[in-house]
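Trainee: have a look at this prediction, sequence included:
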Amino acid sequence: MIVTTLIAGLAGARLTRAFTYETIGERLQAPIAEWTDNFEVDDQGNVITPGWLLETRSWVRELVDCPYCIGFWLTLACVIGLRFKVTRPLVIGLAAAALQSAAVDHYPRFDHGDGEQG
């Protein structure tokens, strides 16, 4: 149980980092941002999109913009993914990627490209 929790937590952390802070996440967030920022207006400039849809879009946008919120749901998906034999290797691979990412970020001679060393 502890190992499962650790693996799911590491995999969720890796997914959260990729989704919120890395370039690949921008590609995934762009369609969501476009959908949440898009609403219909009439000729007078009044918003005609239903209120419930605006509230739903606002909720989705907050979920995607908040690293803690999206991290919770991605980690929950990893916990569920560990329950199935088909997705288990993917989750374990993500956990390994989280460990590798942490090691690279703290390796003293790794150049981050901006002249500073991590």
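Mentor: Alright, I've got the coordinates. Numbering: from 1, shown residues only.
Trainee: quick one: what helix or strand has the residue nearest to Arg61 when sequence neighbours are not counted in it?
Mentor: Distances taken as C-beta to C-beta, 6 or more residues apart in numbering put Thr36 closest to Arg61, at 4.1 Å, once the chain neighbours are dropped. Glycine gets a C-beta too; all of them are placed from N, C-alpha and C. Per DSSP states H and E: Thr36 is located in helix 23-37.
Trainee: in that helix, which residues are buried?
Mentor: 25, 29, 36 (16 or more other C-beta atoms under 10 Å).
Trainee: tabulate those (a markdown table), appending pLDDT and distance to Ala95.
Mentor: Formatted as a markdown table, the buried residues of helix 23-37 follow (pLDDT from 0 to 100; distance: C-beta to C-beta, whole Å):
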| residue | pLDDT | distance to Ala95 |
| --- | --- | --- |
| Gly25 | 83 | 18 |
| Gln29 | 84 | 23 |
| Thr36 | 79 | 31 |
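Trainee: what's the closest of those to Ile80?
Mentor: For the buried residues of helix 23-37, the residue nearest Ile80 by C-beta to C-beta is Gly25; the value is 20.9 Å.
Trainee: please tell me I have it right and that closest one contacts Leu15.
Mentor: No: if you go by C-beta atoms under 8 Å, Gly25 and Leu15 don't touch, sitting 9.4 Å apart.
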